[in-house]
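Peer 1: Fold the following and give me the result.
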Amino acid sequence: MYPVLTNVRIWPRRSNVLQNLNRHCVSGRIRDYRQSVHQFGGSLSTPIDRLLHSVPSDSPWVFDVLMIGSGYGASICAARLASKLRPGRRLGIFEHGRERIPGEFGSNLAALLGESMRPVFRSDKRSLKNPLGLIDLRQGDDVSVMSASGLGGTSLINANVAIRPDRDVFSQLNWPSFLKNRDFLDPYFDRVACELGVQQDPVDHTAKMRTQRIAAENLRDCGAIYEAAAITVTRGAGCSLPILNRHGMLQRPCTDCGDCMTGCNIGAKNSLNYNYIPMAKRAGAEIFTQTEVTHIEKREGYYRVHFVYHCEVDGNPVPVSGTTTARIVVFGAGSVGSTELLLTSQDMNLQLSAQVGCSFSGNGDILGVIHRVGPTTRSGGFGAVETNGRKTGPTIQSSISFPHRPNVLDRVVVQDGGVAKAYVAAMTMIGMDFQIDHTQIVLVSGHDGSEGRIILDTDGGASIVWPNLYHHPRRKFNEDQIRLVASAIGGNYREMLPWKGKVGTVHPLGGCVMADTPMAGVTNHKGQVFDGRGGGEVGADGEFAIHEGLYIVDGAVVPTSLGVNPLLTISAIAERTADLMSREPKYGDLFAA
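Peer 2: Reported below is the predicted structural model:
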């Protein structure tokens, strides 16, 4: 029997975060969120005792569907499937991190370092020091990856950009036949854009947008096109009053504070805890936070899922191990997380394609800093305080693209960037620009060949191997695009010393890529995991055999770099996967037509 847990905190500790924020402003945002989740019993999270003391009833499994993770893929799939579940069926979501409250995110560097799951500066950078931290920075010798841990996944700290890739991206050989035409995903792109509240800011809404537009105009002869980026941010008509969104959650209009990538303390960021997760909860999904899945076992007709619940008893972390069972298991722990879990779980009963871990991509990401530009940029964020008329804007608001280049791999986007308040002081010292008012931050998303590999290192954790990536011709080409923009605004691009010779990404893709065959990928176009026995056996239906009831729905399945921010593509694929899963005749007893 499991222990009965008392004094367990579901809400995160507030510590000294509020000391650096406007208390009245922040307390209002916290009050908004608590009022919104009152309809769900006080939080989106389900009391952990319901999981720890669950036993099967009339079947060998506890959950009919179990989602691992709560990022875009998992949350979207959960919302759609929960709404179609027949009465008496159970759908669960296991999320490693906490449920986070807008208004309690850290706004200084010390707070963010304390929220890091792994040591940032010590030699043991791969060890886990804070299992409930918000920021998961996996530093590697070849590639470093940053993501988030919390209810809503990386949507809590991303740059909100929702752009459709170029149509020619899907024509590449790596994509499965059913998705070689973007038309098959367009209806799902539309659906996601509606649920996430995608919108564009007005032209020249902020100084960094204006600087980006000037750069594009000066590069017109190079084929540059300027466009306000589609972003998932709530705007209001010049007021700060709460807005009730379509999912019954209170949000506040964006104040242009620039803190998107450290957690929105305004409540304006359309992260998943404001849309798809409440949708899933309302449909009956059971959401268990602070619950880390360590591995799964394949049984006859179902899966045994091993987990650790990271509870906090009187402020001290106490890990509680447990197991549960599920008929359908859906991995949505992110490209690195899902691949790590699959590698950890493979055995004689769960044999996989030899492609597990292959085709990793960093989406061609490069973060660039252009110093001493002519126009004013005001790139430094100020946090959730009175603005005094200053506007930084959401992290990314506009894009420069080159859609007419003959080679699709040369069609990259260069986007403006804002620096969150917590990082401003460090950036100021490095760039010698007070408040970064004449520094243009840019993020390039492009292509990189998808030649990385995720492996398990000696301590059992995931590590990315990609020798000489820093000198890869594609990376050099992407970096040249920053120099091109710098020349257009009279600035000076140079590598910052902390990042010199290193490659990092906030857009990890691949590792469990979809393909037509198990010789080319890990899942089919539906997200079903191929059975790797015999190199990939063909079933009686003429299709390659799969592990029945095992799916992957996150960025791990994306077989190539996308040339744009991947949020919208991952989400559209998840919408499609959920749609196809709910229509499977073999699951007719689970999902209503």
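
Peer 1: got the buried residues for the worst-scoring helix or strand of the chain on mean pLDDT?
Peer 2: Within the chain, confidence by mean pLDDT, DSSP states H and E is lowest for helix 421-431 among all helices and strands, at a mean of 76. Within helix 421-431, the residues scored as buried using 16 or more other Cβ atoms under 10 Å are 421-424, 427-428, 431. From N, CA and C alone the C-beta is placed, and that goes for glycine too.

Peer 1: And for stretch 135-150?
Peer 2: 135-140, 142-150.

Peer 1: May I have the distance across it, first residue to last?
Peer 2: Stretch 135-150 has an end-to-end distance of 9 Å (Cα to Cα, to the nearest Å).

Peer 1: and it, how far out from the chain's middle?
Peer 2: 12 Å (Cα atoms, centre = their mean, to the nearest Å).

Peer 1: related to what we said a few turns ago, out of the buried residues of stretch 135-150, which two sit at the greatest distance?
Peer 2: Distance extremes for the buried residues of stretch 135-150: the farthest pair is 142 and 150 at 26.9 Å, using Cβ to Cβ.

Peer 1: residue contacts, the residue nearest the centre of the chain?
Peer 2: Nearest residue to the geometric centre of the chain (Cα atoms, centre = their mean): residue 154, 3.4 Å. Residues counted as contacts of residue 154 (Cβ atoms under 8 Å, 6 or more residues apart in numbering) are 71-72, 147-148, 334, 506.

Peer 1: Residue 273 contacts residue 152, doesn't it?
Peer 2: Yes - between residue 273 and residue 152 there is a contact at 4.4 Å, judged by Cβ atoms under 8 Å.

Peer 1: Name the residues contacting each of these two.
Peer 2: Listed as contacting both residue 273 and residue 152 by Cβ under 8 Å, 6+ apart are residue 100.

Peer 1: These two: which is more packed in?
Peer 2: Neighbours were counted for residue 273 and for residue 152 using other Cβ atoms under 10 Å; residue 273 has more, 29 against 26.

Peer 1: Confirm that that one sits in a helix.
Peer 2: Yes - assessed by DSSP: H, G, I helix; E, B strand; the rest coil, residue 273 belongs to a helix.

Peer 1: For it, list the residues it contacts.
Peer 2: Counting by Cβ under 8 Å, 6+ apart, residue 273 touches 44, 99-100, 151-152, 155-156, 249.

Peer 1: what's the closest non-adjacent residue to residue 35?
Peer 2: Spatial nearest neighbour of residue 35, excluding adjacent residues (Cβ to Cβ, 6 or more residues apart in numbering): residue 250 at 6.1 Å.

Peer 1: JSON lines please, covering the contacts of residue 273 and showing pLDDT, distance to residue 30 and secondary structure.
Peer 2: Converted to JSON lines, these look like this (pLDDT from 0 to 100; distance: Cβ to Cβ, whole Å; DSSP: H, G, I helix; E, B strand; the rest coil):
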{"residue": "44", "pLDDT": "97", "distance to residue 30": "15", "secondary structure": "coil"}
{"residue": "99", "pLDDT": "97", "distance to residue 30": "13", "secondary structure": "coil"}
{"residue": "100", "pLDDT": "95", "distance to residue 30": "11", "secondary structure": "coil"}
{"residue": "151", "pLDDT": "98", "distance to residue 30": "16", "secondary structure": "coil"}
{"residue": "152", "pLDDT": "97", "distance to residue 30": "16", "secondary structure": "coil"}
{"residue": "155", "pLDDT": "97", "distance to residue 30": "19", "secondary structure": "helix"}
{"residue": "156", "pLDDT": "97", "distance to residue 30": "15", "secondary structure": "helix"}
{"residue": "249", "pLDDT": "96", "distance to residue 30": "14", "secondary structure": "coil"}
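
Peer 1: any idea how far the lengthiest strand in the chain is from the chain center?
Peer 2: As assigned by DSSP state E, the longest strand anywhere in the chain is strand 316-331. On the basis of Cα atoms, centre = their mean, strand 316-331 sits 21 Å off its chain's mean C-alpha point.

Peer 1: Now do it: which elements does it pack against?
Peer 2: helix 49-52, strand 63-68, helix 72-82, strand 303-313, helix 334-345, strand 546-552 (3 or more Cβ pairs under 8 Å, 6 or more residues apart in numbering; DSSP states H and E).

Peer 1: Mean neighbour count, those: which tops it?
Peer 2: Most buried of those by mean neighbour count (mean count of other Cβ atoms under 10 Å) is helix 72-82; its value is a mean of 30.

Peer 1: which residues of the stretch 451-593 of the chain fall in strands?
Peer 2: Using DSSP state E, counting those that start in this stretch, the strands of the stretch 451-593 of the chain run over 453-456, 462-465, 492-493, 504-505, 528-530, 546-552.

Peer 1: Go through these and name the closest to residue 118.
Peer 2: strand 462-465 (12.1 Å).

Peer 1: Regarding the residue nearest to the centre of the chain, what is its secondary structure?
Peer 2: helix.

Peer 1: lowest-confidence stretch among the strands of the stretch 451-593 of the chain?
Peer 2: Among the strands of the stretch 451-593 of the chain, strand 492-493 carries the lowest mean pLDDT, a mean of 90.

Peer 1: For that strand, which strands pair with it and how are they oriented?
Peer 2: Applying DSSP bridges to the sheet, strand 492-493 is found paired with strand 366-371 (antiparallel).

Peer 1: tell me which residues in the strand it pairs with are buried?
Peer 2: If you call a residue buried by 16+ other Cβ under 10 Å, then strand 366-371 has these buried ones: 366, 368-371.
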